[in-house]
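In: Predicted model follows, preceded by the sequence.
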Amino acid sequence: MRRSPEEQAQRRRYEELHPRAQAPVMLSIERQVCGCDYGANSWTTLVEAQRIAALLELRAGMRLLDIGAGSGWPGLHLAKMSGCDVALVDVPLAGLRIAAERAVRDRISSAYWIAVADAAGLPFRDGSFDAVSHSDVLCCLPKKRAVLEACRRTIRSGGHMAFTVISVTPGLSREDHERAVAYGPEFVESDTDYPTLLAQTGWTVLDRQDITMDYAASCRRQIRADEERGEELQALLGPSEFAERQADWRSKVGAIDNGLLRRELFVGAANSAST
């Protein structure tokens, strides 16, 4: 699938970030912030992962598709705790290699598959899965509609999808909108709100939860954890990147506190008629 220069640059960054996220100091910070140690590339906490497993009613014999799986969080954890089979899909190969190693180390007893694929062009047959999950993925991708359409195609009718997403708060002034875009994920802007996008791509919204306060709390834990491990982080990242990282977290918290960014959890059911 053809990718824009921005998407290609993003892929290169993630290829570099995934191995670095396995450094002991990074995993220690992740445990403090999210309660996991996979080298996560989302804000999904352990509590949220458990909530997602319950909302999707995951159990042995079900097939879960986890998109934007990175190094395996939360897809592998969902499979381990529920016994479901899982397919981990992402573009950066570096993260998926780490996920494959983690699956062996964790002795995942259910079936698991790993595929390098674009979320908008999933390489699976129609109706292959019972459930779909993705954590803060749509806000990092420009082809949001195509991703939701691909998810709908690969899930059986009546199957459920749960996902978290960061978005720009509607109704902002032009200046505040620009600030939200600057401090949010790379492709946080969306021409259409998510409930409308879901309806247009064959999904019925079953649940919509505002988890912005949890997002803000995670960002604050991130700032504190970075400060506490400052010397180790600076040794890993260098003083300049460490300072930029801290400034970015603080700007993000400011944008959330000022109501510019929000984070939500959606649960949708696949309509009986495909898109």
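Out: Yes, it's here. Remember, predicted model here, so these are calculated numbers, not experimental data. Numbering: from 1, shown residues only.
In: is it true that Asp226 touches Gln32?
Out: No - contact criterion Cβ atoms under 8 Å: Asp226 and Gln32 do not qualify, at 9.7 Å. (C-beta placed from N, C-alpha, C; glycine too.)
In: Compare the two (neighbour count), which wins?
Out: Using other Cβ atoms under 10 Å as the criterion, Asp226 and Gln32 rank with Asp226 on top: 21 against 16.
In: What distance do you get for the more buried one to Asp176?
Out: Here Asp226 is placed at a distance of 27 Å from Asp176 (Cβ to Cβ, to the nearest Å).
In: In this structure, which helix is the longest?
Out: helix 239-257 (DSSP state H).
In: Next, the buried residues of it.
Out: Phe242, Arg245, Gln246, Trp249, Lys252, Val253, Ala255, Ile256 (16 or more other Cβ atoms under 10 Å).
In: Just give me how far that helix sits from the chain centre.
Out: Centre-to-centre, helix 239-257 and its host chain are 20 Å apart (Cα atoms, centre = their mean, to the nearest Å).
In: any weak-confidence spans in the chain?
Out: Under the criterion pLDDT under 70, the flagged ranges of the chain are 1-11, 273-275.
In: Show me where it has its strands.
Out: For the chain, the strands defined by DSSP state E occupy 63-67, 85-90, 112-116, 129-135, 155-168, 203-210, 261-270.
In: Columns mean neighbour count on top of these, output as a markdown table?
Out: Listed next are the strands of the chain as a markdown table, based on neighbours: other Cβ atoms under 10 Å:
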| stretch | mean neighbour count |
| --- | --- |
| strand 63-67 | 26 |
| strand 85-90 | 26 |
| strand 112-116 | 16 |
| strand 129-135 | 26 |
| strand 155-168 | 21 |
| strand 203-210 | 15 |
| strand 261-270 | 22 |
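In: Dump these into CSV; add distance to Leu141 as well.
Out: Listed next are the strands of the chain as CSV, based on distance: least, Cβ to Cβ, whole Å:
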stretch, distance to Leu141
strand 63-67, 9
strand 85-90, 11
strand 112-116, 16
strand 129-135, 9
strand 155-168, 10
strand 203-210, 17
strand 261-270, 15
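In: nearest to Glu16, of those strands?
Out: Distance to Glu16, taken as Cβ to Cβ, is lowest for strand 85-90 among the strands of the chain, at 14.5 Å.
In: Strand partners (parallel or antiparallel) of that closest one?
Out: Strand pairing for strand 85-90, determined by DSSP bridges: strand 63-67 (parallel), strand 112-116 (parallel).
In: what is the orientation angle of that strand with strand 129-135?
Out: 40 degrees (axes from the mean of the first three to the mean of the last three Cα atoms, to 10 degrees).
In: Outside of strand 85-90 itself, list whatever touches it.
Out: The contact list for strand 85-90 (Cβ atoms under 8 Å, 6 or more residues apart in numbering) reads 61-70, 72, 75-76, 78-79, 96, 99, 110-117, 119, 122, 124, 129.
In: send the alpha carbons of it over as PDB?
Out: Coordinates of the C-alpha atoms in strand 85-90 are reproduced here as PDB (Å, rounded to 0.1, in the frame of the first residue of the first chain):
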ATOM      1  CA  ASP A  85      -6.300 -16.800  20.000                       C
ATOM      2  CA  VAL A  86      -4.800 -13.600  18.700                       C
ATOM      3  CA  ALA A  87      -3.400 -12.100  15.500                       C
ATOM      4  CA  LEU A  88      -1.000  -9.200  16.100                       C
ATOM      5  CA  VAL A  89      -0.800  -6.800  13.200                       C
ATOM      6  CA  ASP A  90       1.500  -3.800  12.700                       C
END
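In: can you give me the offset of that strand from its chain's centre?
Out: 13 Å.
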